[in-house]
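Asker: What follows is a predicted protein model with its sequence.
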Amino acid sequence: MTSATHSGTDLSRPSSQPTPEQIRRAPKVLLHDHLDGGLRPATVIELAAATGYDKLPETDADKLGVWFREAADSGSLERYLETFAHTCAVMQTRDALVRVAAECAEDLAADGVVYAEVRYAPEQHLEAGLTLEQVVEAVNEGFREGERRARENGHRIRVGALLTAMRHAARALEIAELANTYRDQGVVGFDIAGAEAGFPPTRHLDAFEYLKRENNHFTIHAGEAFGLPSIWQALQWCGADRLGHGVRIIDDIEIAENGTVKLGRLASYVRDKRIPLEMCPTSNLQTGAATSYEEHPIGLLRELHFRATVNTDNRLMSGTSMSREFEHLVKAFGYTLDDMQWFTVNAMKSAFIPFDERLAMINDVIKPGYAELKSEWLFRHTVTETA
Ligand SMILES: O=c1[nH]cnc2c1ncn2[C@@H]1O[C@H](CO)[C@@H](O)[C@H]1O
Ligand SMILES: [Zn+2]
């Protein structure tokens, strides 16, 4: 797709699609990534050996990576979520949490991510006796270590944590309070995740009302495995700032045979209020929330100017990265660097850090990064002559 903004403004610049190498170098912003869904396969194996966990289905790193992708490729969110038993099992000690968080920040930075909000459920890391506070502090320490290592390797990244409560459990208020306590210490917001059908977000209304009274931020996984009622509840009962996935908003958009588009009340609300949609294409294909990259609702939502963003969800289970998600979209929709910049600015606008920092990231990091990439064609002759 070539967006209308191209016509008339840039007369000479070719709006070509970025190469995989340019996609990797482009500054990217990630709002939806699970810490326990992004471990390196080799780390899972080493941590399992160190902690005596003997239920891993494979002991070779490559084979384990394939196993996670295939097991998660089930077409059902419930089955997809079963794979997290293995990653959570090896993330029960302080050292393991520090290591996983540090590697997460390093891997994202090496992939060109400049700002990330990474989520995890502290209640899932208490089996070896850590307290909720110790879990949060270990992960924060790991993120700071990973940011430092990334800087040593010439990459700049900032990572904030989102604390997730599991929707089938009953600890949401406690986790919301934890997010508030660590608010100025590395935690930027709150989320709920887990199986969607049968566990409406209104079960956790007390947690959301508490966060609103505290002027804090939260996102809700909604409209992934369940449709419009879930999105409606997340927004109109719970007051979510953003939607995790939100793909099913497409059910409230009608396209007539002559191509005219009609938005229902909920879809209009989402677009008019600029509600950010944290879209995760590969994850959606695996859980059955979408059928192919080409048919993924993100294409239409981008055309209709919804506040759509591109995310990884679970890099291990989906065998993906931010660059790979963009590669798929570039191939499916013909996106250019301008489209990539649009998604990236959308994501940065929707982040939970203060407005002045978001603006500085957009103006001083994201736009200059894309300008650099977009100007490369001007110098391509000099590059080939000297090469
Ligand atoms: O796409 C998803 N939808 C709903 N829940 C998810 C998804 N990905 C991961 N988790 C759940 O969130 C927990 C905390 O990170 C994970 O353990 C997993 O159970
Ligand atoms: Zn998710």
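Answerer: That came through fine. Numbers count the residues shown, from 1 in each chain. Ligands and ions are numbered 1, 2, ... in the order given.

Asker: Tally up the residues packed near the residue in the stretch 51-200 of the chain that ligand 1 sits nearest to, please.
Answerer: Ligand 1 sits closest to Ala193 of the stretch 51-200 of the chain, with a gap of 3.4 Å, by Cβ to the nearest ligand atom. In short, each C-beta sits where N, CA and C put it, glycine included. Ala193 sits with 24 neighbouring residues when counted by other Cβ atoms under 10 Å.

Asker: just checking, Val114 touches Ala150?
Answerer: No - under the criterion of Cβ atoms under 8 Å, Val114 makes no contact with Ala150, lying 10.1 Å away.

Asker: Residues that sit against both of those two, list them.
Answerer: Arg156, Ile157 (Cβ atoms under 8 Å, 6 or more residues apart in numbering).

Asker: which residues touch the residue of the stretch 51-200 of the chain closest to ligand 1?
Answerer: Contacts here follow Cβ under 8 Å, 6+ apart; on that basis Ala193 touches His34, Arg119, Ala121, Thr164, Ala165, Met166, Arg167, His221, Gly244.

Asker: How about the second one, nearest residue that isn't a chain neighbour?
Answerer: When the adjacent residues along the chain are set aside, Arg119 lies closest to Leu162, with 3.8 Å between them (Cβ to Cβ, 6 or more residues apart in numbering).

Asker: Shouldn't the one you found be within a strand?
Answerer: Yes - counting by DSSP: H, G, I helix; E, B strand; the rest coil, Leu162 is found in a strand.

Asker: And the nearest residue to Glu224 once chain neighbours are set aside, how close does it get to Leu301?
Answerer: With Cβ to Cβ, 6+ apart as the criterion, Glu224 has its nearest non-adjacent residue at 3.9 Å, and that residue is His245. Plainly put, His245 is 12 Å away from Leu301 if you go by Cβ to Cβ, to the nearest Å.

Asker: Overlap in contacts, these two.
Answerer: By Cβ under 8 Å, 6+ apart, the residues touching both His245 and Leu301 are Leu277, Met279.

Asker: which one of these two has more residues nearby?
Answerer: Each of His245 and Leu301 has its neighbours counted (other Cβ under 10 Å); His245 has more, 29 against 22.

Asker: thought the more buried one was touching Met279?
Answerer: Yes - look at His245 against Met279 with Cβ under 8 Å: they come within range, at 6.6 Å.

Asker: what do the two both touch?
Answerer: Common neighbours of His245 and Met279 (Cβ under 8 Å, 6+ apart) do not exist.
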